[in-house]
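K.L.:
Sharing a model prediction with you, sequence too.
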Amino acid sequence: DFTYMGITLILKNGDLYDFSFNLVRKILFFGFFYALLINGNAWMMAIVNSFRTIAANVPGGAASITPGTILENAFTVYMIAAQKMAITNPQTWMIGVAGFGIIVLGALMTAVQILVLIEMYLAVVIGQITLGFGGSEWTKDYAISFVKYIIAVGMKLMAIQLIAALAVNMFTGWANIPAA
């Protein structure tokens, strides 16, 4: 990059001001990506955790949502629904069907949340390689795209955590509905 900068300055008849400006710009550019390379894991986890903190601070109980709590609440709702069923009353059989649907929905939501958590951890660890591309003017877009991807994963995790909190609150509300 320094050689390329020198050649372009010579071809443009650049003066000392142009040389100084480009040199400072290159040093800042390299310094930023060097710091990003050294502190990349911590900074990327901080970005993702900031989105998780936003979701945790939303009223409605999103702070305590984990994949286990989603499935646990789904089974709790199913057990409450099963207690309200009567084998002699066909109208209450729908309660059991709805309870089974809640278990399936809870299992799917748990699977999605686990997959996104795995995606996050893999992206942060493996993505450290792409940060090495940030040192060159020609390959810096790879490193910038990685940072954008980490932000997208953080937003996805935040959205899933908010949807899971809504679902857990709905599951709990459905469990408190009296039998007909």
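P.N.:
Looks like it arrived, so ask away. This structure is a prediction, so every number in the text was calculated from the model and none was measured.
K.L.:
Tell me where the model's unsure across the protein.
P.N.:
Across the chain, residues meeting the criterion (pLDDT under 70) sit at 1-2, 60-64, 174-180.
K.L.:
gap between the residue nearest the centre of it and residue 147?
P.N.:
Nearest residue to the geometric centre of the chain (C-alpha atoms, centre = their mean): residue 154, 2.7 Å. Between residue 154 and residue 147 the distance is 11 Å, computed by C-beta to C-beta, to the nearest Å. (Each C-beta comes from the backbone N, C-alpha and C, glycine too.)
K.L.:
what touches both of the two?
P.N.:
Overlap between the neighbourhoods of residue 154 and residue 147 consists of residue 47, taking contacts as C-beta atoms under 8 Å, 6 or more residues apart in numbering.
K.L.:
Within the helices and strands, which one has the residue nearest to the centre of the chain?
P.N.:
Mapping residue 154 onto the secondary structure by DSSP states H and E places it in helix 140-175.
K.L.:
Can you name every helix or strand that that helix contacts?
P.N.:
helix 16-56, helix 67-84, helix 93-126, helix 128-131 (3 or more C-beta pairs under 8 Å, 6 or more residues apart in numbering; DSSP states H and E).
K.L.:
How about the secondary structure of residue 14?
P.N.:
What DSSP: H, G, I helix; E, B strand; the rest coil gives for residue 14 is coil.
K.L.:
should've said residue 58
P.N.:
coil.
K.L.:
In contact with it: list those residues for me.
P.N.:
Counting by C-beta under 8 Å, 6+ apart, residue 58 has contacts 162, 165.
K.L.:
What of residue 102?
P.N.:
Contacts for residue 102 (C-beta under 8 Å, 6+ apart) come out as 74, 77, 78, 81, 171, 174.
K.L.:
Quick one: which of those residues is the most crowded by neighbours?
P.N.:
Using other C-beta atoms under 10 Å as the neighbour criterion, residue 74 leads the contacts of residue 102 with 26 neighbours.
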